[in-house]
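1. Output the structure for:
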Amino acid sequence: DPLSWLSGPWGQVPAGICPPRHRGWSYHFRDQILAGSPEAFFVLNADVCSDFPLSAMLEAHRRQRHPFLLLGTTANRTQSLNYGCIVENPQTHEVLHYVEKPSTFISDIINCGIYLFSPEALKPLRDVFQRNQQDGQL
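-> Just a heads-up that it's a prediction; the model follows:
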């Protein structure tokens with residue numbers, strides 16, 4: 001599989017592809033994600049391409065130890081309506097509010113579709129998945 005490993009300045013990392021809009025991907029693939037006990041893992045939307053600051057995100061994760069980070073960038077008011085908009089705390093950069101493709105202006109900070117998760121972020125998913133199964137929501 002040509003995408004099983006990616007290389008970069010951080011060395012080789014495992015990579016995989018998940019079907020679009022796959023519900024519960026993180027729960028279904030948790031064993032593969034956690035193989036090798038990673039300190040964190042990236043999730044990228046397949047429709048994004050750029051020179052993303054992945055190393056900077058990993059360094060921020062190491063400093064702050066949040067369960068997940070999401071990469072944002074700025075857009076003009078009109079462009080922002082086409083993306084997920086983030087309202088952040090200007091001092092801590094924590095997300096205060098998020099709206100996917102708002103109908104009115106929320107913020108000029110938009111979601112880049114790049115996420116960095118700690119393995120701990122997967123822990124609550126088991127309970128949610130099992131509860132949804134019992135409720136017939138899956």
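
2. what helix or strand is Asp31 on?
-> Using DSSP states H and E, Asp31 sits in helix 30-34.

3. Double-check Leu125 against Arg30; I have them as touching.
-> Yes. Counting by CB atoms under 8 Å, Leu125 touches Arg30, with 7.3 Å between them. Just so you know, the C-beta spots here come from the backbone N, C-alpha and C atoms, and that holds for glycine as well.

4. Looking at these two, which has the bigger crowd around it?
-> Each of Leu125 and Arg30 has its neighbours counted (other CB atoms under 10 Å); Arg30 has more, 17 against 14.

5. For the more buried one, which non-adjacent residue is spatially closest?
-> Leu122 (5.2 Å; CB to CB, 6 or more residues apart in numbering).

6. for the record, mean pLDDT for the helix holding Asp31?
-> Model confidence over helix 30-34, given as mean pLDDT, is 76.

7. Ok, stretch 104-123 next?
-> pLDDT averaged over stretch 104-123 gives 91.

8. measure that stretch end to end?
-> Chord length of stretch 104-123, first to last residue, is 35 Å (CA to CA, to the nearest Å).

9. which residues of the chain fall in strands?
-> Remark: strands assigned in the chain by DSSP state E are 5-8, 11-14, 41-44, 68-74, 84-88, 95-100, 109-117.

10. Which pLDDT does the model give the residue lying closest to Gly113 once chain neighbours are set aside?
-> Nearest in space to Gly113, with sequence neighbours left out and distances taken as CB to CB, 6+ apart, is Asn45 at 3.2 Å. The model reports Asn45 with a pLDDT of 79.

11. what do you get for Glu94?
-> Confidence score, pLDDT, at Glu94: 91.

12. Tell me how many other residues crowd it.
-> By the measure other CB under 10 Å, the count of residues near Glu94 is 10.

13. residue contacts, it?
-> By CB atoms under 8 Å, 6 or more residues apart in numbering, Glu94 lies in contact with His66, Glu88.

14. any idea how far it is from Gln64?
-> Taking CB to CB, to the nearest Å as the criterion, Glu94 is separated from Gln64 by 9 Å.

15. The closest residue to His97 other than its chain neighbours - how many residues pack around it?
-> Counting by CB to CB, 6+ apart, His97 lies nearest to Val87, which is 3.9 Å off, once chain neighbours are set aside. The tally of other residues near Val87 (other CB under 10 Å) stands at 13.
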